[in-house]
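[1] Predicted model follows, preceded by the sequence.
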Amino acid sequence: MTSSRTAFRLTRILAMLPWVIANPGATIDEVCERFGYENHEDLARDLDVVFVCGLPGYGPGDLMVAYIDDDEVVVDAADYFGRAPRLSPTEALSMLAAGMAVLSSGLGSPVLESAVDKLAATVAPDTDGLAVDVPAEPDLVGPLKEAAASHRVVEITYTSLSRGETTRRAVEPWVVFASLGNWYVTGYCRLAQAERVFRVDRIRDLVVTEETFEPPVERPDPQVRYTPSEDDVRCKIALAPAARWVLDYYPVDVVSDSGDEVVIEFSASDPSVAARLLLRLGDRARLIEGDEVRAALSDLGNRILARYR
């Protein structure tokens, strides 16, 4: 059971992070005063809790880096805090349950109470219990399915989750499918010149053109996966047995496996992704090759050490 102290700490962290992101340059004293930290050490411990936490994924922005730089509190690579949240049924229920737990402890705030009320009204508007229906197809799913069936090229305006960038792309849609409460389209992206998976609710605009394309003979299985590109940063990492879970979680190529140690080739769109993974693994992994990743790891390590100088 969550203790009242833990519930209070979680509530404060969740309130503090978005505020720091929205107020770049905030000093340690400002954050401590605003959120009731009695000393700098307590704030540093809370930043350590969220360090290298975040969303599952393979691009920069998936995991946050929170630290103290001189007198400034910094939260990097957490730009999803600044986006309007789009929750799956599972995510909505989890967030609602967490919010209700904090409120029941007596440590909630009017802001949290209002947020829980709004979320509860969306998740379970007509009952005292919780009920979630699978969301209806977004408006763009129908046109995307028709475009895939008729082999027509589509033009989309798409916002990338990992980069936070919005781009205009021409895509040859192959498969439209639902997974874990979200809709996706897999196809050939002419901008990236490679196969890509797009989340439909991140498509801001869609135009079905008259241009047709030749679909692949074997269409890919509907699944959400990362597709490495030629521009990715690559490195070789040796994993101890306790870190073999990386093989199931990340899209890696196994170079060798002796049983006591497995060597993988890791690809990512940014060297900081591999650097954060190595930092998370600690002595359960070592970098064999990858100068860009080594530099990113050194930079990340220096930021951490700066907090204790």
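    That came in fine, so what should we check first?
[2] switch to C-alpha atoms for all contacts and neighbour counts from now on
    Will do.
[3] Helix or strand with the lowest mean pLDDT in the chain?
    Lowest mean confidence among the helices and strands of the chain (mean pLDDT, DSSP states H and E): helix 89-104, at a mean of 62.
[4] What helices and strands are in contact with the strand ranked longest in the chain?
    Longest strand in the chain, counting residues (DSSP state E): strand 166-179. Applying 3 or more CA pairs under 8 Å, 6 or more residues apart in numbering; DSSP states H and E, one finds that strand 166-179 contacts helix 141-150, strand 152-159, strand 182-189.
[5] okay, the ones you listed, which one's buried deepest?
    strand 182-189 (a mean of 21; mean count of other CA atoms under 10 Å).
[6] Report the rounded mean pLDDT for that strand.
    Strand 182-189 carries an average pLDDT of 84.
[7] Name the surrounding residues that touch it.
    Strand 182-189 is contacted by residues 88, 137-138, 141, 144, 169-178, 194-201, 220, 222, 224 when judged by CA atoms under 8 Å, 6 or more residues apart in numbering.
[8] got the contact list for the closest residue to residue 155 other than its chain neighbours?
    Leaving aside its sequence neighbours, residue 155 sits nearest to residue 170 (CA to CA, 6 or more residues apart in numbering; 4.4 Å). By CA under 8 Å, 6+ apart, residue 170 lies in contact with 153, 154, 155, 156, 189, 190, 191.
[9] got it, and residue 12?
    Per CA under 8 Å, 6+ apart, neighbours of residue 12: residue 35.
[10] Please confirm that it is located within a strand.
    No: counting by DSSP: H, G, I helix; E, B strand; the rest coil, residue 12 is not found in a strand; it is helix.
[11] now it: how far from residue 39?
    14 Å (CA to CA, to the nearest Å).
[12] again, but for residue 33
    9 Å.
[13] Average pLDDT for stretch 144-156, rounded please.
    94.
[14] what's the answer for stretch 297-308, then?
    On average, stretch 297-308 scores 73.
[15] what does stretch 240-250 give?
    Mean predicted lDDT for stretch 240-250 stands at 77.
[16] and the host helix or strand of residue 209, what does it pack onto?
    According to DSSP states H and E, residue 209 maps onto strand 203-212. Counting contacts by 3+ CA pairs under 8 Å, 6+ apart, strand 203-212 packs against helix 141-150, strand 152-159.
[17] Note down every partner strand of that strand and its orientation.
    strand 152-159 (antiparallel) (DSSP bridges).
[18] could you give the angle of the strand it pairs with to helix 141-150?
    Counting by axes from the mean of the first three to the mean of the last three CA atoms, to 10 degrees, strand 152-159 points 140 degrees away from the direction of helix 141-150.
[19] For residue 138, list the residues it contacts.
    Per CA under 8 Å, 6+ apart, neighbours of residue 138: 183, 200, 201.
[20] just residue 242 next, same as before
    So, once contact is read as CA under 8 Å, 6+ apart, residue 242 ends up touching residue 284.
[21] before we move on, back to that, need the contacts of residue 138 in CSV (columns: distance to residue 66).
    Formatted as CSV, the contacts of residue 138 follow (distance: CA to CA, whole Å):
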residue, distance to residue 66
183, 32
200, 30
201, 28
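[22] Show me what the next helix or strand after the strand holding residue 209 packs onto, helices and strands only.
    Later in the chain than strand 203-212, the nearest helix or strand by DSSP H and E is strand 233-239. Packed against strand 233-239 by the contact rule (3+ CA pairs under 8 Å, 6+ apart) you find strand 262-268, strand 285-289, helix 291-306.
[23] Now with 6 Å, please.
    Identification of packing neighbours for strand 233-239 by 3 or more CA pairs under 6 Å, 6 or more residues apart in numbering; DSSP states H and E yields strand 262-268, strand 285-289.
[24] Can you tell me the strand partners of that strand and which way each runs?
    By DSSP bridges, strand 233-239 pairs with strand 262-268 (antiparallel), strand 285-289 (antiparallel).
[25] and the direction of that strand versus that of helix 291-306, what angle?
    70 degrees.
[26] what's the spacing between the residue nearest to residue 173 when sequence neighbours are not counted and residue 199?
    Excluding the flanking residues, the one nearest residue 173 by CA to CA, 6+ apart is residue 187, at 4.3 Å. Residue 187 is 12 Å from residue 199, where distance means CA to CA.
[27] Need the distance between the two termini of stretch 240-257.
    First residue to last in stretch 240-257 (CA to CA) measures 10 Å.
[28] Outline the domain layout of this protein.
    Domain ranges of the chain: 4-123, 141-212, 233-306, per automatic domain parsing.
[29] Sweet, I'm off.
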